[in-house]
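Engineer: Below: sequence and its predicted model.
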Amino acid sequence: MPNLQDEMKRVKAKVDDVILTQLLPRSSQIREVDLLYKMMRDYPSRPAKGMRPFLCVAACRAAGGSEDDAILTAACIELFQNWILIHDDIEDGSELRRGEPALHKKYAEPLALNAGDALHARTWEALLRNRDRLGFDRTFAVMEEFSKMVNETTEGQHMELGWVVSKRWDLKEKDYYEMCTRKTSWYTVASPCRLGAVVAGAGAEVLAGLEEFGTGLGVAFQIQDDSLNLVGDEKKYGKAKSDDILEGKRTLILLHLLASASQSERDKVISIMNKSREKKSGADVSYVLSVIDKYDAVGFARKRANELMKGALATLKGIRWKGDEEAVDLLVSFTRFAVEREW
């Protein structure tokens, strides 16, 4: 079986070629439009993991389809990932993306917003190209799943942003899981896998199994992402360390800390987290990190991630695949990678 990392890189290289040579314009004689095209190509040109297109291709092969049939849809998933990251970075006030300045920091915020909108439009335009290879019925099925992914993601993002804006702290683990399922699970695991399966013509049973698999693994993936934000290597992770604290995000780590801390610690943490990003000091961040460490909140969250990963793995192994066994094995390897990765 090919190495998982090598396979992800291989698929990512094919997807990048489709995006940069077929889907995105290169230049314009109009200076402002030329800048727009440059900005649209910025995030797609930066090094990235390429997990979502890999899952699409692997699931398609596992379900009996061909990689060539899935590669355009996989490229569209990557386009989607890039346009929502542009908006996400603005919403969160992030400084870095993939080790470089976020697009709104590199250029003006209004220009970055418009570049994200332009990528969004190109994504739907590109999805329509599937009709030449897949036919109208399967193309529309792909677009229907894509619509589901977009709607779930924006609802989950709104939940998370709403908690920060309204300063909500009456949250439980189940609230976090619900938010992550919508914000992360659908666009990171469930829909990429289901899109590949749709391309392959898989039936309702396989699609239902992939929804269950993707939901659990997506939450586990987000928990690991939250952990890496606090204790990971910034160079590998590609975002500024402790950004989640600066952004005031309600992570499982933080919810466990608040449930475990003394009243005075809880009050101080909430007071710090309710501050705007620019008003949080280095001492504020250090205090929150110290209390997280005191109650081993990262360890608690990673234990939950492992439990979710094991459940997802059991679901994956229970799916009745009709295609490439090597692709199934790669999906199994990815399931473990989702919670073991350092980036």
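Structural biologist: Received, thanks.

Engineer: what sits against residue 305?
Structural biologist: Counting by Cβ atoms under 8 Å, 6 or more residues apart in numbering, residue 305 makes contact with 219-221, 223-224, 227, 339. C-beta: built from backbone N, CA, C; applies to glycine.

Engineer: Just name the closest of those residues to residue 243, please.
Structural biologist: Checking the contacts of residue 305 against residue 243 by Cβ to Cβ gives residue 227 as the nearest, at 13.0 Å.

Engineer: Residue 103 and residue 247, how far apart?
Structural biologist: Separation of residue 103 from residue 247 (Cβ to Cβ, to the nearest Å): 17 Å.

Engineer: Export the contacts of residue 305 to TSV and append columns for neighbour count and pLDDT.
Structural biologist: Shown next, in TSV, are the contacts of residue 305 (neighbours: other Cβ atoms under 10 Å; pLDDT from 0 to 100):
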residue	neighbour count	pLDDT
219	27	98
220	28	98
221	27	97
223	29	97
224	23	96
227	21	95
339	21	95
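
Engineer: Can you name the two of those residues that sit furthest apart?
Structural biologist: Pairwise over these, using Cβ to Cβ, the maximum falls at 219 and 227, 12.9 Å.

Engineer: just the strands in this structure please.
Structural biologist: Using DSSP state E, the strands of the chain run over 96-97, 100-101.

Engineer: among the ones you listed, which is nearest residue 259?
Structural biologist: strand 96-97 (30.6 Å).

Engineer: From the contact counts, what lies against the closest one?
Structural biologist: Counting contacts by 3 or more Cβ pairs under 8 Å, 6 or more residues apart in numbering; DSSP states H and E, strand 96-97 packs against no other helix or strand.

Engineer: chain center to stretch 139-156, what's the gap?
Structural biologist: 14 Å (Cα atoms, centre = their mean, to the nearest Å).

Engineer: Can you give me the buried ones in that stretch?
Structural biologist: Neighbour-count burial for stretch 139-156, counted by 16 or more other Cβ atoms under 10 Å, picks out 139, 141-143, 145-146, 148-150, 152-153, 156.

Engineer: which one of the residues you listed sits closest to residue 322?
Structural biologist: residue 141 (17.5 Å).

Engineer: hang on, the earlier thing: just say which of the strands of the chain is most tucked in.
Structural biologist: Of the strands of the chain, the one with the most neighbours on average (mean count of other Cβ atoms under 10 Å) is strand 96-97, at a mean of 20.

Engineer: Provide the strand pairings for that strand, with the direction of each partner.
Structural biologist: Strand pairing for strand 96-97, determined by DSSP bridges: strand 100-101 (antiparallel).

Engineer: to the chain's geometric centre, what's the distance from the strand it pairs with?
Structural biologist: 18 Å.

Engineer: Ok, stretch 82-90 next?
Structural biologist: Distance, stretch centre to chain centre, for stretch 82-90: 11 Å (Cα atoms, centre = their mean).

Engineer: Can I get it in PDB, CA atoms only?
Structural biologist: Extracted C-alpha coordinates of stretch 82-90, given in PDB (Å, rounded to 0.1, in the frame of the first residue of the first chain):
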ATOM      1  CA  ASN A  82      -9.500  28.300   0.100                       C
ATOM      2  CA  TRP A  83     -12.400  30.700  -0.300                       C
ATOM      3  CA  ILE A  84     -13.800  29.900   3.100                       C
ATOM      4  CA  LEU A  85     -10.400  30.300   4.700                       C
ATOM      5  CA  ILE A  86     -10.100  33.800   3.300                       C
ATOM      6  CA  HIS A  87     -13.400  34.700   5.000                       C
ATOM      7  CA  ASP A  88     -12.600  32.700   8.100                       C
ATOM      8  CA  ASP A  89      -9.300  34.600   8.600                       C
ATOM      9  CA  ILE A  90     -11.100  37.900   8.400                       C
END
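
Engineer: And the average pLDDT for that stretch is what?
Structural biologist: Here stretch 82-90 scores 94 as its mean pLDDT.

Engineer: ok, and what's touching that stretch?
Structural biologist: By Cβ under 8 Å, 6+ apart, stretch 82-90 touches 43-44, 94, 97, 102-104, 109, 112-113, 115-117, 119-120, 123, 153, 157, 187.

Engineer: hang on, the earlier thing: and residue 103 and residue 247? which has more neighbours close in?
Structural biologist: residue 103 (27 against 18; other Cβ atoms under 10 Å).
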